[in-house]
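Student: sequence unknown, structure follows:
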């Protein structure tokens, strides 16, 4: 028996789901969202927000320890890991509660339980008490997100081998941690636990860290992290994990040599995979390729009126991408023209210094046949960076040579994740270097570095601040 019928049912209340539900409700669509856990999804509960809270706390601890360079000395500086975890949880709770209030304020029906899509767009929900409910919808949006991926490595199931979900549950800082993978998740956790005093090792199969980003960013990040004590092994293939008393031994091959490293815990940060467990009934006929739901350029699946977004589909696995896709679908259902450009997605890494990137790298632009000009500004010559004694960083702009149109930007500096929005707007609207230079930038700010990099595209930089001795 169908208990209720909606214009739209969203399965999953993460960034792709709750944003779509709220946008749909604002568009006058009767909407329900089905969530097996807590609203907010991985991002708010076990991903972006908790990780960034821990990065902030650990970075603050390091700032206090290094205050002497500014003439400020604090004695007996320490940290309480239990309090850090409590602060992380409080931050996540506040945001999740905020999402719940937004859903309620917009009259979105929230149904708690495990949702499964069946034929004719019927959604079966098994609630937390095990009772089954049936709902029907004119449209269904699949936004169930992803889960940590465990590669087929012998020993991956041993006690002490953790995913990012489980690492958050540790009640003590591990004295040693080996991380499999050198991508965004890996480098952010390495930042946290290095700052808190752990001995951290990173093992990455590809030749460089954060391999999807600009090559210079990878090189600079490796140099900075090694300086801080991170043990880095790139081009290394993990062969097995074994017990050794209370510790684990990770064996990997590097430069045709077998290497063994012992650690208290091993974090598997080799990526995430779509969470399609019990999401689709066999009767739907919806295709999957390599575990991902197949969609067209409007996020339509093989079933009429059913859409999928976010980590369930091929593409970038980022919360803001999922949110934008969800709102796009909500607008399509309401017959509105979506405004966001889904082809331009900024990427951020919350290391110290921060990393942010959007559009094409130099290498990608040349592979696509563009004749490019590049402007680069070293942030050690930036006044605000000198004041705050930042690590060596840079801002790089890639532009089309004959038009000056900005093709991409790559930043590694303080506040990079906040400043990348200017370049995201530029790439989306095909703005030129000249157009971006029309806006005056305040002094002294990190943002001045953007103007310097833009002027360097055509070799016209003149506002160079004296470099640090």
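Tutor: Thanks, I have it. This is a predicted model, so every value here is computed, not measured.
Student: show me the shaky parts of this protein.
Tutor: Segments of the chain classed as low confidence (criterion: pLDDT under 70) are 460-469.
Student: so which residues of it form helices?
Tutor: The residue ranges that make up the helices of the chain, judged by DSSP state H, are 15-26, 41-46, 48-65, 81-105, 164-167, 184-195, 215-227, 319-333, 362-367, 383-388, 416-428, 433-437, 448-457.
Student: just those helices: most buried one?
Tutor: helix 15-26 (a mean of 27; mean count of other C-beta atoms under 10 Å). Glycine gets a C-beta too; all of them are placed from N, C-alpha and C.
Student: can you tell me which helices and strands that helix packs against?
Tutor: If contacts are counted by 3 or more C-beta pairs under 8 Å, 6 or more residues apart in numbering; DSSP states H and E, helix 15-26 sits against strand 2-11, strand 31-35, helix 41-46, helix 81-105, strand 132-142, helix 319-333.
Student: looking at it, residue 293 is touching residue 274, isn't it?
Tutor: Yes: between residue 293 and residue 274 there is a contact under C-beta atoms under 8 Å: 7.0 Å.
Student: identify the contacts common to the two.
Tutor: Contact with both residue 293 and residue 274 is made by residues 312-313, according to C-beta atoms under 8 Å, 6 or more residues apart in numbering.
Student: next, the residue nearest to the spatial centre of the chain: phi, psi?
Tutor: Central residue of the chain (C-alpha atoms, centre = their mean): residue 318, 4.8 Å from the mean position. In terms of degrees, to the nearest 10, the main-chain angles of residue 318 are phi -140, psi 140.
Student: list the contacts of the closest residue to residue 336 other than its chain neighbours.
Tutor: Nearest residue to residue 336, sequence neighbours excluded (C-beta to C-beta, 6 or more residues apart in numbering): residue 27, at 6.6 Å. For residue 27, the contacting residues are 330-331, 333-334, 336, taking C-beta under 8 Å, 6+ apart as the criterion.
Student: quick one: which of these is nearest residue 451?
Tutor: Proximity to residue 451 was ranked across the contacts of residue 27 by C-beta to C-beta; first place goes to residue 331, at 35.0 Å.
Student: which non-adjacent residue is nearest that closest one?
Tutor: Residue nearest to residue 331 in three dimensions, not counting chain neighbours: residue 338, with 4.4 Å by C-beta to C-beta, 6+ apart.
Student: ok, which of the helices and strands packed on helix 15-26 comes nearest residue 345?
Tutor: Judged by C-beta to C-beta, the one of the helices and strands packed on helix 15-26 that comes nearest to residue 345 is helix 319-333, at 5.0 Å.
Student: tell me what the closest one is packed against?
Tutor: strand 2-11, helix 15-26, strand 132-142.
Student: between the ones you listed, which gets nearest to residue 414?
Tutor: Closest approach to residue 414 among the helices and strands packed on helix 319-333 is made by helix 15-26 (25.8 Å; C-beta to C-beta).
Student: hmm, who's touching the closest one?
Tutor: Taking contacts as C-beta under 8 Å, 6+ apart, the residues outside helix 15-26 that touch it are 7-8, 10-11, 13, 31-33, 35, 39-41, 43, 99, 102-103, 106-108, 141, 143-145, 309-311, 319-320, 322-323, 325-327, 329-331, 333-334.
Student: about what we covered before: so the residue nearest to residue 331 sits right up against residue 326, yeah?
Tutor: No: look at residue 338 against residue 326 with C-beta under 8 Å: they stay out of range, at 10.7 Å.
Student: for residue 294, give me phi and psi.
Tutor: Torsion angles at residue 294 (phi, psi; degrees, to the nearest 10) stand at phi -80, psi 130.
Student: correction: residue 181
Tutor: For residue 181, the backbone dihedrals are phi 120, psi 140 (criterion: degrees, to the nearest 10).
Student: so what's it up against?
Tutor: With contact set as C-beta under 8 Å, 6+ apart, residue 181 has these partners: 202-204, 268-271.
Student: of those, closest to residue 83?
Tutor: When these are compared for distance to residue 83, the smallest value, 25.1 Å, is given by residue 269; criterion: C-beta to C-beta.
Student: and the gap between the closest residue to residue 317 other than its chain neighbours and residue 131?
Tutor: Taking C-beta to C-beta, 6+ apart as the measure, residue 317 lies nearest to residue 311, with 4.8 Å between them; neighbours along the chain are not counted. Between residue 311 and residue 131 the distance, using C-beta to C-beta, to the nearest Å, works out to 28 Å.
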